[in-house]
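1. Sequence first, then the predicted structure:
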Amino acid sequence: MGAWRRVPVLADLPPADLLDNRQYRTVVLLTAIFASAARGVALLPNELVLWAESAQVANPRLRAARCQFAVEICALTGDTVAAMGYLRDALAADLQDFAWIEHCPTLEPLRHGAQWAAMRKTMAERAQRVAEAVFEVS
């Protein structure tokens, strides 16, 4: 949320004994990249490579979530082409977060692109199916 509003955010990181933990490294990487992006600092090539590699996971939900973060990071740094690429990847991994695509202020620069309407429609249809399934069960 702080990155959306470009407000400095302080984060406490886990204890150093978790340094060998893969999830810890992902959290640290994500925190550093978001902090840079929120300040408008261009990402270093190695950061982009590390993040791209972290999005290549077998679990589709995790892949969609990591691509979702990448969309925001790229949008924050002004790289709308990369942001749209990650959004396509997130949709391919079955991202269903319609509230995010509708309301995330970081995505504003993407909303005027030629592909946005089709991607938004896909997300709206997925959200509708989820809502119908939830209310059908209730």
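-> Great, that's in hand.

2. Quick one: low-confidence residue ranges for the chain.
-> Counting by pLDDT under 70, the ranges of the chain that qualify are 1-28, 44-46, 48-55, 137-138.

3. switch to 80 and redo it
-> 1-58, 137-138 (pLDDT under 80).

4. Break down it into its strands, ranges please.
-> Counting by DSSP state E, one finds no strands in the chain.

5. Quick one: the helices in it, in order.
-> 2-5, 22-38, 45-54, 60-76, 80-92, 98-103, 116-137 (DSSP state H).

6. Tabulate those in TSV, adding columns for mean neighbour count and distance to L110.
-> For glycine as for every other residue, the C-beta is placed from the backbone atoms N, C-alpha and C. As requested, the helices of the chain are exported to TSV (neighbours: other CB atoms under 10 Å; distance: least, CB to CB, whole Å):
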stretch	mean neighbour count	distance to L110
helix 2-5	14	14
helix 22-38	16	14
helix 45-54	15	18
helix 60-76	21	6
helix 80-92	19	6
helix 98-103	15	9
helix 116-137	12	6
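
7. Kindly reformat those helices as JSON lines containing distance to P109.
-> Formatted as JSON lines, these follow (distance: least, CB to CB, whole Å):
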{"stretch": "helix 2-5", "distance to P109": "13"}
{"stretch": "helix 22-38", "distance to P109": "13"}
{"stretch": "helix 45-54", "distance to P109": "18"}
{"stretch": "helix 60-76", "distance to P109": "6"}
{"stretch": "helix 80-92", "distance to P109": "5"}
{"stretch": "helix 98-103", "distance to P109": "13"}
{"stretch": "helix 116-137", "distance to P109": "10"}
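
8. any idea how far the closest residue to T122 other than its chain neighbours lies from C67?
-> Of all residues not flanking T122 in the chain, L91 sits nearest, at 5.8 Å (CB to CB, 6 or more residues apart in numbering). Relative to C67, L91 is positioned 9 Å away (CB to CB, to the nearest Å).

9. before we move on, what about T80?
-> As judged by CB to CB, T80 and C67 stand 15 Å apart.

10. Same check on A42?
-> Taken as CB to CB, the span from A42 to C67 is 20 Å.

11. same deal with R61?
-> R61 is 11 Å from C67, by CB to CB.

12. Fine by me, thanks again.
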